[in-house]
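> based on what follows, work out the 3D shape:
(chains A and B)
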Amino acid sequence: MESIDNNKIAKMDLLEIIRRKSRWVRSETLRIHKIAPGIRIASALSCIELLCVLYYGGILRFDSRDEYLSDRDRFIISKAHGTVSFYPILADLGFFNAVQLSKVGKKGSILGDIPDCSIPGFETINGSLGHGLGVACGMALGLKAKGQESKVFVLSGDGELNEGSVWEAIMFAGHNKISDLILIIDNNKICMLDYCKKIIALEPLEDKFEQFGWQATRVDGHDVEALHAGLSQLKSSDLDKPKVLIADTVKGKGVPRLESDSLCHIKALNCAEIETLLVAMEQRDE
Amino acid sequence: MSNKAMRDVFIEELGGRMAVDKNIFFVAADFGAPALDAIRRQCGERFINVGIAEQNLINVCAGLALEGFTVYAYAIAPFLAMRSYEQIRINLAMLSQVREINVNLISVGAGLSYDVTGPTHHCLEDIGIMRMLPNLHVLSPSDNALVTKMVDLSLAVRAPKYIRLDGKPLPSIYGGRDIPVLDGFCEIYSAANNCIIATGYMTHTAVAVKKKLEALGLDAGVIDFFSLKHFNAEKLATVLGKYKNIFSIEEGFLGKGGLDSLVSTFVNSKLGQKGLKVRGLGFEDKYCFEVGDRKYLHELSGLAEDDVVKIIVDACG
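Below is the predicted model of the structure:
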């Protein structure tokens, strides 16, 4: 549904396609915000390149015509409150009709302000933080018991690492060497009320994960090339450990007013601001 | 059989099923049982100990269930029910409305099973809070014959279930008689006027009270309620409709959504015109810090057999 001419796509290299898709998803997410002012827009903007690399970069195995395809890779969005930006991607890939994007949060819509498991493309329900990684551990053990080679990906926020249940799962995965598990941390460094480092300091994250028996990699979470390389490396790694990609991101990416505000998690944009941003984005794309 | 603890009966029965059915996982939060050793030896990777981590216990079980496995989550009752309540709410109750999840919570130490261990290990809240959750079955067996039936049910019904097992060996209630498992309750004794409805351990108290009442010239039926959300409502209405006085008795807080709430709500909505009198007996709104065995703690709370007899005599005599 995104208006890129197929011939042009053929000529572009994969990374350029992902970059272009990312710009489009950012615009679509802002358009959704116009009709759904309650979405966590800043949080949704920090993980767009991550999602696009997974879905357009050939990292995840999926089939939009067969949501529960047996040998799909599993993807659990543990920071579900901040992933309305996933809606345009799922619609674009055919998980549901793109008409739904104009109905987010409206009466009778399948799409609410926070995604849930009733929406095609969402494995689990994660509006509450700290659940995804433990469920992913169980899925990975189940897949192994069935002899399947599918990977289990999880997207978490960095603030979500405050939850004790996440560390129960981190310890469990490390101890049990759950090697088909790949955690991606959208490290946007801001919780609801302040910078994470002022609430509960999390760094040095690589050291912490490595001490718990994980393989850790850190990349710029808006650099599509680095993300693609990092995820490809982790997916093909034969180390007998769970993997984590720490993606350094900017909360509110693409919206200067949000990027500079430690309270951006709870900030909404008005329609005029969104229009101005969309025009500026279009001009930049041309 | 009846001199074994419920958990050992359940685990032995399940171990036999696990030996032939490779689709079963048993996941424990570092909690054991003599009968568990065989499963640990024989089932290898299908026995998982997540450590002292009840939240992760539920989440790991949910993930296994999403991959099609039948899963048993095993822990001490109050910690399983309350430390991991949100995990049960979201990843079992909520998720199972959209996707099939067969996770069976094997909750050991119902009510005051861990009597002298103190209030952290008492579990007087679980019936109420578990009944609150949509899509979850709440099962509360009173003897080991019923526990064995719960193993069948746990495999056959592809839904999340909370199965509260007493921590102490209990005498037999059912002997060799047929148990109407799918009804969710059994009228063990029928009478004309008075009925005692109980669950789990308190079914034994109800039977003892019935015998004492009969010696005093008062009749009393006894209903053992073992499926506290999914039951045959039509049959229950017929059974209760013949009584004049109904008493519920439970090892749980009163007026908090437990057995008393089930019975009074049911009678009000289905039998409101019949003028039935309903009274709930259970624990008052406070924790039990006093030290002593279960019998002593019941005496302190007015739930000893003779206390219950007196309440019923005063109300009906």
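
> tell me the contacts of residue 60?
Because you didn't say which chain, this covers chain A. Neighbour list for residue A:60: A:54, A:72, A:73, A:75, A:153 [criterion: Cβ atoms under 8 Å, 6 or more residues apart in numbering or on different chains]. The C-beta positions use only the backbone N, C-alpha and C, and glycine is treated the same way.

> my bad, chain B
Neighbour list for residue B:60: A:134, A:135, A:137, A:138, A:141, A:169, A:172, B:27, B:48, B:50 [criterion: Cβ under 8 Å, 6+ apart].

> same thing but at 10 Å, please
A:134-142, A:168-169, A:172-173, A:176, B:25, B:27, B:29, B:48, B:50, B:53, B:71, B:73, B:87, B:91, B:103 (Cβ atoms under 10 Å, 6 or more residues apart in numbering or on different chains).

> for residue A:111, same thing?
A:32, A:36, A:84, A:87, A:90-91, A:96, A:100-105, A:118-119.

> filter those down to the ones close to chain B.
A:118, A:119 (Cβ under 10 Å from any Cβ of the partner chain).

> farthest pair in the contacts of residue A:111?
Across the contacts of residue A:111, the longest distance by Cβ to Cβ is 18.9 Å; it joins A:102 and A:118.

> leaving out chain neighbours, which residue sits closest to the closest residue to chain A within the stretch 151-300 of chain B?
Here the stretch 151-300 of chain B gets closest to chain A at one residue, residue B:160, 13.6 Å apart by Cβ to the nearest Cβ. The spatially closest residue to residue B:160, leaving aside those adjacent along the chain, is residue B:92, at 3.9 Å (Cβ to Cβ, 6 or more residues apart in numbering or on different chains).

> so which bits of the top helix by length along chain A are buried?
With secondary structure taken from DSSP state H, chain A has its longest helix at helix A:14-35. By neighbour count with 16 or more other Cβ atoms under 10 Å in any protein chain shown, helix A:14-35 contains the buried residues A:15, A:17-34.

> how about the closest residue to residue B:305 other than its chain neighbours, what does it touch?
Leaving aside its sequence neighbours, residue B:305 sits nearest to residue B:208 (Cβ to Cβ, 6+ apart; 4.9 Å). Residue B:208 is in contact with B:222, B:304, B:305, B:306, B:308, B:309, counting by Cβ under 10 Å, 6+ apart.

> and which of those is nearest to residue A:197?
residue B:304 (58.3 Å).

> burial of the nearest residue to that closest one once chain neighbours are set aside, as a residue count?
Nearest non-adjacent residue to residue B:304, counting by Cβ to Cβ, 6+ apart: residue B:298, 4.9 Å away. As a burial measure, residue B:298 scores 24 neighbours (other Cβ atoms under 10 Å in any protein chain shown).

> sec struct for residue B:298, please.
Secondary structure, DSSP: H, G, I helix; E, B strand; the rest coil: residue B:298 is helix.

> do you know the pLDDT at the residue nearest to residue B:160?
The confidence metric pLDDT takes the value 98 at residue B:92.

> what about it, distance to residue B:121?
Counting by Cβ to Cβ, to the nearest Å, the gap from residue B:92 to residue B:121 is 23 Å.

> higher neighbour count, these two?
A direct count of neighbours by other Cβ under 10 Å for residue B:92 and residue B:121 places residue B:92 higher, at 28 against 17.

> just want the most central residue of chain B.
Against the mean C-alpha coordinate of chain B, by Cα atoms, centre = their mean, the closest residue is residue B:140 at 1.9 Å.

> let me know whether that one touches residue B:231 as I believe.
No: between residue B:140 and residue B:231 there is no contact under Cβ atoms under 10 Å: 11.5 Å.

> chain B: helices as residue ranges?
Using DSSP H, helices in chain B cover B:6-20, B:36-42, B:54-66, B:77-78, B:85-87, B:126-131, B:144-156, B:202-215, B:233-241, B:259-270, B:294-300, B:305-316.

> redo those helices as JSON lines? Include distance to residue A:60.
JSON lines is the format used below for the helices of chain B (distance: least, Cβ to Cβ, whole Å):
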{"stretch": "helix B:6-20", "distance to residue A:60": "34"}
{"stretch": "helix B:36-42", "distance to residue A:60": "36"}
{"stretch": "helix B:54-66", "distance to residue A:60": "17"}
{"stretch": "helix B:77-78", "distance to residue A:60": "40"}
{"stretch": "helix B:85-87", "distance to residue A:60": "26"}
{"stretch": "helix B:126-131", "distance to residue A:60": "36"}
{"stretch": "helix B:144-156", "distance to residue A:60": "34"}
{"stretch": "helix B:202-215", "distance to residue A:60": "52"}
{"stretch": "helix B:233-241", "distance to residue A:60": "46"}
{"stretch": "helix B:259-270", "distance to residue A:60": "46"}
{"stretch": "helix B:294-300", "distance to residue A:60": "54"}
{"stretch": "helix B:305-316", "distance to residue A:60": "61"}
